[in-house]
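J.: Pasted the sequence and its predicted model underneath.
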Amino acid sequence: MPSPALRLNLDPDALQANWRALDRMSGNARAGAAVKADAYGLGVKGVVPLLREAGCRDFFVAHWSEVPDVLEVAEPQMLAVLHGPLSDADAAFARETGVKPVINSLEQARRWLDAGGGRCDLMVDTGMNRLGVTLDQLGEPVLAALDIDVLLSHLVSSEEDTPLNELQRQRWEHARTALPHRRASLANSGGIALGTAYHGDLTRPGIALYGGVPRPEMAASLRQVVQPQAAILQVREVAAGETIGYNATYTATTAMRVGTIALGYADGYLRCWSDQGEFTAGGHTLPVLGRVSMDLTVVDLSHAPEIGEGDWITAQYALPEASAASGLSQYELLTLLGHRFGR
């Protein structure tokens, strides 16, 4: 199989260091890991073993279709599916594999019990109005019949200082008194920084594991984990006055040496990077020239004469800075990265 012309340079030490930092910040709680969306685009089969080696024992995915890949690298009792059993087939699959469903509604609770029940997690809605049973449903007998491992809720605005954080914490604490459970979990990445009262027994970092910085006070503790890299397909000389790329949005003001790389919006490097993005190689900064197209992007090689066809260049992609430059969220920057990247 030919080698891809795109690759994600993943720093395993940074990934493990981030989990350990988040585990320390979680105090008496243990840090788990959200590995949904193929570990936020980094590749679950590579990420989960590294996190396990670092000490992580609780993993969360969103879809049942994500389960088989995780089970290749982790035991089923370590894994929970956030969307819960949407059908009898989902419930049967969970029981067969030993993977935990996260129960989000009374209907899901009945479906799980009708399938035979067993260990599960329960999501309680404390203000998101997305998934989870409501506070006024906590007294329902069907919930009392569940074997709840982790009682979950999810913060709406943990990256901000808002009264809603404390309101959700109080509602979560109320839910903890209403139903028997082994562990309780509220804090996502940003919630970890809100302090001990938000930690419970298990925290669930996601973006911070992968180099995202949800709150400024966490920046010094988190490292960049992944750098997208692309191979130069072709080098050419462009004369002054010539244009580059679709719709001629860039005009060369002087003679230039440019390189075309195998990266475009089909790979998640979106058109917002047109005339905006930067790459590096050999100590040089290589600005993006003109429009990003579906499979190709052009960069300026005028000051990097030693960089040529077949050489690899690295996108400037530290998540907080890339988010500010592109207008994309730190989450989008990772999860948009396409399957053509070698991982």
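T.: Ah, there it is.
J.: quick check: mean pLDDT across stretch 71-81?
T.: In this model, stretch 71-81 carries a mean pLDDT of 97.
J.: Can you measure across that stretch, start residue to end residue?
T.: Its start and end residues considered, stretch 71-81 measures 12 Å (C-alpha to C-alpha, to the nearest Å).
J.: Can you mark which positions in it are buried?
T.: Leu71, Val73, Ala74, Met78, Leu79, Ala80, Val81 (16 or more other C-beta atoms under 10 Å). C-betas here are computed from N, CA, C, even on glycine.
J.: How far away from the center of its chain is it?
T.: Here the centre of stretch 71-81 is set off from its chain's centre by 18 Å, with C-alpha atoms, centre = their mean, to the nearest Å.
J.: ok, residues contacting it?
T.: Applying C-beta atoms under 8 Å, 6 or more residues apart in numbering, the set of residues contacting stretch 71-81 from outside is 44-45, 48-49, 52, 57-64, 66-67, 70, 90, 94, 97-102, 119, 121, 150.
J.: Where does Pro305 sit, in terms of helix or strand?
T.: If you go by DSSP states H and E, Pro305 is not part of any helix or strand.
J.: That one contacts Arg257, doesn't it?
T.: Yes. Contact criterion C-beta atoms under 8 Å: Pro305 and Arg257 qualify, at 7.2 Å.
J.: Of those two, give the one with the bigger neighbour count.
T.: Between Pro305 and Arg257, counting by other C-beta atoms under 10 Å, Arg257 is the more crowded of the two (16 against 10).
J.: what element comes up after the host helix or strand of the more buried one heading to the C-terminus?
T.: Applying DSSP H and E as the criterion places Arg257 in strand 256-261. Next in sequence after strand 256-261, counting helices and strands by DSSP H and E, comes strand 278-281.
J.: average pLDDT across that following strand?
T.: Across strand 278-281, pLDDT averages out at 98.
J.: how many neighbours does the residue lying closest to Ser158 once chain neighbours are set aside have?
T.: Leaving aside its chain neighbours, Ser158 sits nearest to Gly190 (3.3 Å; criterion: C-beta to C-beta, 6 or more residues apart in numbering). Applying other C-beta under 10 Å, we find 23 residues neighbouring Gly190.
J.: Kindly report the same for Ala220.
T.: Ala220 is flanked by 9 other residues according to other C-beta under 10 Å.
J.: Phi and psi next, for it.
T.: Dihedral pair for Ala220: phi -70, psi -20, per degrees, to the nearest 10.
J.: Same question for the one 3 residues further on.
T.: Its backbone dihedrals place Arg223 at phi -120, psi 150, with angles given as degrees, to the nearest 10.
J.: That one: neighbour count?
T.: The burial count for Arg223: 15, using other C-beta under 10 Å.
J.: Report whether the expected contact of it with Leu10 is present.
T.: No. With contact defined as C-beta under 8 Å, Arg223 does not reach Leu10; the gap is 11.8 Å.
J.: Which neighbouring elements make contact with the strand holding Arg257?
T.: Under the contact criterion of 3 or more C-beta pairs under 8 Å, 6 or more residues apart in numbering; DSSP states H and E, strand 256-261 touches strand 226-238, strand 284-289, strand 297-300.
J.: now for these, which one comes closest to Ser185?
T.: Ser185 sits nearest to strand 226-238 of all the helices and strands packed on strand 256-261, at 25.9 Å, using C-beta to C-beta.
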